[in-house]
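*Asks:* Take this sequence and fold it.
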Amino acid sequence: MTDLLISGDVIAADNEKRAAALKSDYEALGAKLSRQSVDIDRITRKVSEFFVAVPSWGVGTGGTRFARFPGLGEPRNIFDKLEDCSVIQQLTRATPTVSLHIPWDKADPKELKAKGAALGLGFDAMNSNTFSDAPDQAHSYKYGSLSHVDAGTRRQAVEHNLECIEIGNAIGSKALTVWIGDGSNFPGQSNFTRAFERYLDAMRDIYKALPEDWRLFSEHKMYEPAFYSTVVQDWGTNYLIAQTLGEKAYCLVDLGHHAPNTNIEMIVARLIQFGKLGGFHFNDSKYGDDDLDAGSVDPYRLFLVFNELVDADHRGVKGFHPAHMIDQSHNVTDPIESLMASANEIRRAYAQALLVDRGALDSYQADNDALMATETLKRAYRTDVEPILAEARRLNGGAIDPVAAYRASGYRQKVASERPQVKGGSGGIV
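*Replies:* Residues are numbered from 1 along each chain as shown. Next up is the predicted model:
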């Protein structure tokens with residue numbers, strides 16, 4: 001029996017107020033799509049089967065390197081985080097798994113698994129942390145981790161990743177995501193070649209420890225916290241890593257880890273083409289790694305990314321099953337509300353991409369008809385698929401309007417009374 005933290009009566013009452021309007025909107029959209037030979041129920045079914053993992057760290061209030069302003073009812077530990085994550089799943093029916101970050105979320109694996117099961121949650125990719133120092137660790141990561149000049153520091157970073165695999169294996173995870181902040185802030189501070197060689201050697205040790213049915217995701221980032229050079233700075237380097245390590249190694253694409261105006265959808269296409277797209281950290285950005293809510297700044301880019309994913313699925317690309325995860329920092333919003341909104345926007349982009357007329361697009365591309373090719377994409381993107389998203393939630397027992405139902409439930413006020421207020425003033429994302 002799943003522990004439901006929001007009363008089903010609250011969801012049912014809110015849905016009842018919106019059911020008639022949804023029925024009317026859904027039927028109207030269905031009639032419109034039918035004229036295009038599109039079965040709305042098929043699209044709704046596919047959307048209802050599309051899921052994205054929520055990050056455990058995302059349910060806490062984020063911050064910048066200048067300050068963090070805590071929110072009400074912040075989770076005190078991983079078990080509070082899991083409860084918040086279960087609320088997102090209960091209302092959206094789009095987020096049945098949680099991605100953990102060690103050592104922040106370190107706990108007895110048996111207790112983690114039991115809590116997840118009680119809340120109806122599973123566990124997605126594990127995330128290691130060697131970009132900041134944990135209490136009482138022997139070696140500091142100030143000057144790097146997996147690429148550090150000191151062998152003892154590298155060994156410590158490797159062993160931490162092996163621990164993440166061990167915990168993940170015990171709770172049912174099937175992947176490890178490795179992101180490092182290693183790099184340099186000054187020209188000449190680091191030897192580019194030797195640093196990358198040290199990184200690859202350390203990653204080989206991690207790769208060898210992977211269970212047979214696991215995947216390893218390496219994640220690139222152009223800058224921050226190292227501002228002059230970064231060891232894993234772009235998708236080309238990331239691809240070299242995956243190729244070097246072996247068939248279980250893949251590239252993870254974080255939408256905020258690129259220079260402004262980078263053609264991320266083309267990067268996605270290249271990685272699909274050569275069988276090394278592992279998955280995504282979904283978020284949005286204006287200037288850099290802003291970690292904004294998915295689809296909040298450039299929803300068209302999110303749609304274009306999903307256009308490549310749906311195209312790959314349409315073509316039947318062998319072994320194509322990328323992981324979908326959210327990676328955001330919420331500084332001024334309720335994290336639960338932002339994560340629900342992001343899950344909805346990710347599904348929106350997927351639904352819109354499903355509406356692209358693939359046959360027409362192929363024909364226009366073959367005829368070099370640039371205008372009609374781009375109009376084919378825009379026609380799908382301009383379609384208001386909100387009735388499909390809402391119906392997919394309703395059919396699976398979720399809320400027609402998740403944010404409205406969440407606010408009506410009083411959940412934030414409830415946990416605020418149970419969880420001590422966190423003092424403000426610190427910097428950093430957690």
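*Asks:* Okay, strands next: where are they in the stretch 1-150 of the chain?
*Replies:* Secondary structure of the stretch 1-150 of the chain (DSSP state E, counting those that start in this stretch): strands at 54-55, 97-99, 122-123, 126-127.
*Asks:* could you point out where this structure is predicted with low confidence?
*Replies:* 1, 424-430 (pLDDT under 70).
*Asks:* run the last query once more with 90
*Replies:* By pLDDT under 90, the weakly predicted segments of the chain are 1-3, 62-68, 420-430.
*Asks:* in the protein, what residue sits furthest out from the centroid?
*Replies:* Ranked by distance from the centre of the chain (C-alpha atoms, centre = their mean), the top residue is D367, with 36.8 Å.
*Asks:* Compare the strands of the stretch 1-150 of the chain and give me the one nearest S409.
*Replies:* Judged by C-beta to C-beta, the one of the strands of the stretch 1-150 of the chain that comes nearest to S409 is strand 54-55, at 17.9 Å. Every residue, glycine included, has its C-beta placed from N, CA and C.
*Asks:* one step back: how close does the residue farthest from the centre of the chain sit to A373?
*Replies:* 9 Å (C-beta to C-beta, to the nearest Å).
*Asks:* now do F79
*Replies:* 50 Å.
*Asks:* Those two: which has the busier surroundings?
*Replies:* Per other C-beta atoms under 10 Å, whichever of F79 and A373 has more neighbours is A373, with 18 against 15.
*Asks:* nearest spatial neighbour of the more buried one, skipping sequence neighbours?
*Replies:* Of all residues not flanking A373 in the chain, Y364 sits nearest, at 4.0 Å (C-beta to C-beta, 6 or more residues apart in numbering).
*Asks:* for G275, same thing?
*Replies:* G275's closest residue in space is G319 (C-beta to C-beta, 6+ apart), at 6.6 Å.
*Asks:* Next: V87.
*Replies:* Nearest to V87 is L5, by C-beta to C-beta, 6+ apart, at 5.4 Å.
*Asks:* Tell me who's in contact with L91.
*Replies:* L91 makes contacts with 6, 11, 340, 393, 398-399, 402, 405-406, as judged by C-beta atoms under 8 Å, 6 or more residues apart in numbering.
*Asks:* Let me know the closest of the residues you listed to V356.
*Replies:* Distances from V356 to the contacts of L91, taken as C-beta to C-beta, are shortest for R393 (22.9 Å).
*Asks:* so how far is V54 from that closest one?
*Replies:* Going from R393 to V54 by C-beta to C-beta gives 15 Å.
*Asks:* Among these two, which residue is more densely surrounded?
*Replies:* V54 (32 against 27).
*Asks:* So N161 is in contact with R204, correct?
*Replies:* No - taking contacts as C-beta atoms under 8 Å, N161 lies outside contact range of R204: 11.7 Å.
*Asks:* ok, these two, which is more surrounded?
*Replies:* Legend: neighbour count by other C-beta under 10 Å for N161 and R204, higher for N161 (25 against 14).
*Asks:* after the helix or strand where the more buried one lies, next one along is what?
*Replies:* Using DSSP states H and E, N161 sits within helix 151-171. Using DSSP H and E, the helix or strand that follows helix 151-171 in sequence is strand 175-178.
*Asks:* all helices for the stretch 1-150 of the chain, in order.
*Replies:* Remark: helices assigned in the stretch 1-150 of the chain by DSSP state H, counting those that start in this stretch are 8-34, 40-48, 78-92, 109-118.
*Asks:* Redo those helices as TSV? Include distance to D124.
*Replies:* Listed next are these as TSV, based on distance: least, C-beta to C-beta, whole Å:
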stretch	distance to D124
helix 8-34	25
helix 40-48	19
helix 78-92	11
helix 109-118	11
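*Asks:* of those, which approaches D311 most closely?
*Replies:* Among those, the nearest to D311 by C-beta to C-beta is helix 40-48 (14.6 Å).
*Asks:* So which bits of the closest one are buried?
*Replies:* 40, 43-44, 46-48 (16 or more other C-beta atoms under 10 Å).
*Asks:* same question, stretch 261-270
*Replies:* So for stretch 261-270, counting by 16+ other C-beta under 10 Å, buried means 264-265, 267-270.
*Asks:* Touching that stretch from outside, list them.
*Replies:* By C-beta under 8 Å, 6+ apart, stretch 261-270 touches 235, 239, 253, 255, 258, 277, 301, 304-305, 307-309.
*Asks:* now with 6 Å?
*Replies:* Residues from elsewhere that reach stretch 261-270 (C-beta atoms under 6 Å, 6 or more residues apart in numbering): 235, 258, 304-305, 308.
*Asks:* Let's see which of these end up in helices.
*Replies:* In this view, the contacts of stretch 261-270 that belong to helices under DSSP state H are 235, 304-305, 308.
*Asks:* Now the two most distant members of these.
*Replies:* Using C-beta to C-beta, the two most remote members of those are W235 and L304, lying 15.9 Å apart.
*Asks:* Would you map the helices across the stretch 151-300 of the chain?
*Replies:* In the stretch 151-300 of the chain, the segments counted as helices under DSSP H, counting those that start in this stretch are 151-171, 192-208, 235-245, 264-273, 299-315.
*Asks:* Turn the ones you listed into TSV, columns for distance to K32.
*Replies:* Below are the helices of the stretch 151-300 of the chain laid out as TSV (distance: least, C-beta to C-beta, whole Å):
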stretch	distance to K32
helix 151-171	44
helix 192-208	50
helix 235-245	38
helix 264-273	27
helix 299-315	19
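*Asks:* which one of those lies closest to V385?
*Replies:* It is, among the helices of the stretch 151-300 of the chain and with distance given as C-beta to C-beta, helix 299-315, at 10.6 Å.
*Asks:* So what touches the closest one?
*Replies:* 265, 268-269, 272, 295, 320, 349-350, 352-354, 358, 381.
*Asks:* quick one on the thing from earlier: show the backbone phi and psi for the residue nearest to V87.
*Replies:* Reported as degrees, to the nearest 10, the phi and psi values for L5 are phi -90, psi -10.
*Asks:* Touching, it and Q89? I think so.
*Replies:* No - L5 is beyond contact range of Q89, at 10.2 Å (criterion: C-beta atoms under 6 Å).
*Asks:* okay, the two: which has more neighbours?
*Replies:* Remark: of L5 and Q89, Q89 carries more neighbours, 22 against 15, as counted by other C-beta under 10 Å.
*Asks:* what's the distance between R194 and H220?
*Replies:* 19 Å.
*Asks:* brain fart, I43
*Replies:* I43 sits 33 Å away from H220, taking C-beta to C-beta as the criterion.
*Asks:* Next: G30.
*Replies:* Separation of G30 from H220 (C-beta to C-beta): 42 Å.
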